[in-house]
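K.L.:
Provide a 3D model corresponding to the input given below.
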Amino acid sequence: MSKKQEEAMKTLRAKDKAGLTEELLRLRREQFSLRMQSASGQTVKSSEFGRVRKHIARVKTLQTQQAAGAKK
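P.N.:
Prediction:
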C-alpha cells in the first residue's frame, strides 16, 4: 500500500460505525455522479471509477471487521 492509502486507512479506522456509514454514503453519491457524468457525455477520468470502487470496498471491509469485533 502506498503512504497515501495507509493514511486513508488510518483515518477510516478512527471512525465509528456512524462515521463509516456516512463515508460510504458519500462515496456512493460520488460513484453515482461519475456514472451520470459519463452517461451524459462529459469527460471523466476512467481511473476515478476504480478509485471510488476500491475506496467503497475498504469502507465495507472495515464495517465488517468492526461488526465481527463487536460480536466477540
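
K.L.:
Let me know the helix or strand that the residue lying closest to residue 17 once chain neighbours are set aside is in.
P.N.:
Once flanking residues are discounted, residue 17 sits nearest to residue 66: 6.3 Å by CB to CB, 6 or more residues apart in numbering. For the C-beta atoms, the positions are set from N, CA and C on the backbone; glycine is no exception. Counting by DSSP states H and E, the element that carries residue 66 is helix 46-71.

K.L.:
so how far is residue 12 from the residue nearest to residue 17?
P.N.:
Applying CB to CB, to the nearest Å, the value for residue 66 to residue 12 is 10 Å.

K.L.:
give me the low-pLDDT residue ranges for this structure?
P.N.:
By pLDDT under 70, the weakly predicted segments of the chain are 1, 72.

K.L.:
on that earlier part again, joint contacts of residue 66 and residue 12?
P.N.:
With contacts taken as CB atoms under 8 Å, 6 or more residues apart in numbering, the residues that reach both residue 66 and residue 12 are residue 20.
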